[in-house]
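Novice: this one's sequence-less:
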């Protein structure tokens, strides 16, 4: 009887374990770089020790949230437990969300891996129920294209502007830098981001120019520009105020995309295209200039072939001169003096040839021709250089080749007979052995002499590397000094000044109190400083100044106020240094 009971128990347990279901469900398997992904880990039993995957290639923006539901229908019970996450991708590509695990009745259950394909960022319709609607309606990333209908090698400009209103922004992070396929591109450096006032969609906005690029298309057709995608930290105002009466800001992050752009590129016309056309497009002047026309024996001349003007100066080759056989011409030395403003390349491109004459006489250098496509008239133009005469005043006269060959043959026959040596020089073939020499013993014992120094150096490095707390304090001290110095440099730039000042004060606290960023709450900071014998008034001033940094970046303030805040920060840090 007992045997039958044991068998029945095993059958029941086996049937129960066979009914355990644990799976992962995602909202989509293909999403854009600026979209969010929801993933739910569902189980029909109350499993324990849930272990989430590492979500490689994604960032968790919400979760895990846990839901449990249980119901009875017609005498049968159903149970469901779920762990939910919201993720955002970090970059384009194909990623695999690996298995999550749970434990139930002593057994481990795993979900099946899920493959997710992340594409380039896309423009999305706005959801009026989204809780980030305030940021959506006040934050736009726009790509302004100067010309979208151009010829091959005609320049166009893309300027990326970030428009914002009634919100604070900071910490830009690139999610996807556009690749300008089929274009020659040149980034224009922006030394400092400056907020300006402007109209957007008929309303007043502030905007920042983030990026400027000059593009030269290299083929015809409808060429697509990939969108620029950014993740930006946003501070949204709320209707709440703190104990000091200041508005409380709700911090969040927002992903924006400039959207893709299409440029129609027309091929250069075939009608009237010269045979020597090498791809020059713009408006140019062409010159061939010799350094001198009259040469003496042993002198050389430099022949400079140059093109100046406005156009694709880096994207075509210059014509090569043809000289008589009596002039020896060396390879060209190429040089450029070209700048690239928003309107396109401007400057000079030149090749310098060194020419060496062989014989006396007058030698012509044939005219050169340079052709280009003029964007203003939409026609091809050709510029010809004048013929150049090189007058060699001195030197050998060309001789008959037959006589020259005979003379060379006679000289070769004479050189076959060499003079007889009358004195013998004898040198010893024996050499000192390396084995047993002074150098041998030095190299033999040098490693043993250096061994104690190597061990001492290694122990010292391990000691320094093992002091994790000390290293972190040194690093935070270093960062505090760095950001305080940066704040002083940016004292005329309000936003960058308050960002650097806030970082300096935070890193000072992390160094002195040996705490992490997650522990830097107002109450915790106050308690730790007071426990280190800090003055209550100084502590209050430190907290007030730190909170002011967040709002002062976007609030109106004068240079006097900024200087006062900097002096106050230096005074507070100095006092806390003495007290704690």
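Specialist: Sure thing, it's come through. Keep in mind that what you see is a predicted model, and the values were worked out from it rather than measured.

Novice: what about the closest residue to residue 99 other than its chain neighbours, distance to residue 103?
Specialist: Using C-beta to C-beta, 6 or more residues apart in numbering and skipping residues adjacent in sequence, the residue nearest residue 99 is residue 110, 4.1 Å away. Placement of C-beta: from N, CA and C, glycine included. Between residue 110 and residue 103 the distance is 11 Å, computed by C-beta to C-beta, to the nearest Å.

Novice: burial count for the residue nearest to residue 99?
Specialist: 15 (other C-beta atoms under 10 Å).

Novice: and for residue 254?
Specialist: For residue 254, the neighbour count with other C-beta under 10 Å is 21.

Novice: quick check, pLDDT for it.
Specialist: For residue 254, the pLDDT comes out at 79.

Novice: surely it is in a strand?
Specialist: Yes: using DSSP: H, G, I helix; E, B strand; the rest coil, the assignment for residue 254 is a strand.

Novice: follow-up on the earlier one: ok, the residue nearest to residue 99 touching residue 24?
Specialist: No: using C-beta atoms under 8 Å, residue 110 is not in contact with residue 24, being 9.7 Å away.

Novice: what touches both of those two?
Specialist: Jointly contacting residue 110 and residue 24 under the rule C-beta atoms under 8 Å, 6 or more residues apart in numbering are residue 100.

Novice: quick check: phi and psi at residue 573.
Specialist: phi -60, psi -40 (degrees, to the nearest 10).

Novice: so what's it scoring on pLDDT?
Specialist: At residue 573, pLDDT is 82.

Novice: what does residue 1 give?
Specialist: Confidence at residue 1, expressed as pLDDT, is 48.

Novice: quick one: low-confidence parts of the stretch 51-200 of the chain?
Specialist: Counting by pLDDT under 70, the ranges of the stretch 51-200 of the chain that qualify are 63, 69-75, 123-137, 176.

Novice: show me the contacts for the residue nearest to residue 99.
Specialist: Here residue 110 is in contact with 22, 99-101 (C-beta under 8 Å, 6+ apart).

Novice: that one and residue 43, how far apart?
Specialist: Distance from residue 110 to residue 43, by C-beta to C-beta: 11 Å.

Novice: and stretch 285-292, what's buried?
Specialist: 286-288, 290 (16 or more other C-beta atoms under 10 Å).

Novice: which one of the residues you listed sits closest to residue 204?
Specialist: Among the buried residues of stretch 285-292, residue 286 lies closest to residue 204 (C-beta to C-beta), at 49.6 Å.

Novice: which SS class is that closest one?
Specialist: Under three-state DSSP, residue 286 falls in the strand class.

Novice: is it in contact with residue 381, as I believe?
Specialist: No: using C-beta under 8 Å as the test, residue 286 is too far from residue 381 to be in contact (9.8 Å).

Novice: residue 253 bridge partners, please.
Specialist: residue 233 (DSSP bridges).

Novice: just to revisit the earlier point, the contacts of residue 110: which two are farthest apart?
Specialist: 22 and 99 (9.5 Å).

Novice: quick one: which of those two has more around it?
Specialist: residue 22 (22 against 16).

Novice: quick check on that one: phi, psi?
Specialist: According to degrees, to the nearest 10, residue 22 has phi -140, psi 110.

Novice: what does residue 445 give?
Specialist: Dihedral angles of residue 445 (phi, psi; degrees, to the nearest 10) stand at phi -100, psi -10.

Novice: what do you get for residue 203?
Specialist: Main-chain torsions, residue 203, degrees, to the nearest 10: phi -130, psi 160.

Novice: number of nearby residues for the nearest residue in space to it that is not next to it in sequence?
Specialist: Closest residue to residue 203 apart from its sequence neighbours, by C-beta to C-beta, 6+ apart: residue 165 at 7.4 Å. Neighbourhood size, residue 165 [other C-beta under 10 Å]: 14.

Novice: what's the answer for the one 4 residues further on, then?
Specialist: By other C-beta under 10 Å, 21 other residues sit near residue 169.

Novice: was I right to think it contacts residue 230?
Specialist: No: counting by C-beta under 8 Å, residue 169 stays clear of residue 230, with 10.1 Å between them.

Novice: max pairwise distance over the buried residues of stretch 285-292: which two?
Specialist: 286 and 290 (15.0 Å).

Novice: looking at this, residue 459 is in a helix?
Specialist: Yes: assessed with three-state DSSP, residue 459 lies in a helix.

Novice: look up how far residue 95 lies from it.
Specialist: For residue 459 relative to residue 95 (C-beta to C-beta), the value is 43 Å.

Novice: more neighbours: which of those two?
Specialist: Neighbours per residue (other C-beta under 10 Å) separate residue 459 from residue 95, with residue 95 holding more: 18 against 10.

Novice: the more buried one contacts residue 89, doesn't it?
Specialist: Yes: using C-beta under 8 Å, residue 95 is in contact with residue 89, at 7.4 Å.

Novice: overlap in contacts, the two.
Specialist: Joint contacts of residue 95 and residue 89 (C-beta under 8 Å, 6+ apart) are 57-58, 116, 118.

Novice: got a quick PyMOL command for the buried subset of those?
Specialist: To isolate the buried members of the shared contacts of residue 95 and residue 89 in PyMOL, using 16+ other C-beta under 10 Å:
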select buried, resi 57+58+116+118
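
Novice: surely residue 179 meets residue 226?
Specialist: Yes: between residue 179 and residue 226 there is a contact under C-beta under 8 Å: 5.8 Å.

Novice: out of the two, which sits in the more crowded spot?
Specialist: Shown here are residue 179 and residue 226; by other C-beta under 10 Å, residue 226 has more neighbours (17 against 10).

Novice: which residues touch residue 310?
Specialist: By C-beta under 8 Å, 6+ apart, the contact set of residue 310 is 282-284, 343-346.

Novice: and residue 144, which of the three is it?
Specialist: Assignment for residue 144 (three-state DSSP): strand.

Novice: make sure it is actually in contact with residue 156.
Specialist: No: contact between residue 144 and residue 156 fails when scored by C-beta under 8 Å: they sit 10.7 Å apart.

Novice: and the two? which has more neighbours close in?
Specialist: residue 156 (21 against 13).

Novice: list the residues that contact that one.
Specialist: Counted by C-beta under 8 Å, 6+ apart, residue 156 has contacts 145-148, 150, 214-215, 217, 263.

Novice: which of the residues you listed sit farthest apart?
Specialist: Pairwise distances across the contacts of residue 156 peak at 14.6 Å for 148 and 214 (criterion: C-beta to C-beta).

Novice: which of these two has more neighbours?
Specialist: residue 214 (21 against 14).

Novice: immediately after the helix or strand hosting the more buried one, which helix or strand?
Specialist: Here residue 214, judged by DSSP states H and E, is contained in strand 203-217. Using DSSP H and E, the next helix or strand after strand 203-217 towards the C-terminus is strand 221-225.

Novice: give the residues shared as contacts by residue 22 and residue 99.
Specialist: Counting by C-beta under 8 Å, 6+ apart, the common neighbours of residue 22 and residue 99 are 110-111.

Novice: ranges for the helices of the stretch 101-250 of the chain?
Specialist: Taking DSSP state H, counting those that start in this stretch, the helices of the stretch 101-250 of the chain run over residues 133-136.

Novice: could you list the low-pLDDT ranges of the stretch 451-580 of the chain?
Specialist: 464-480, 483, 517-518, 550-551, 553-560.
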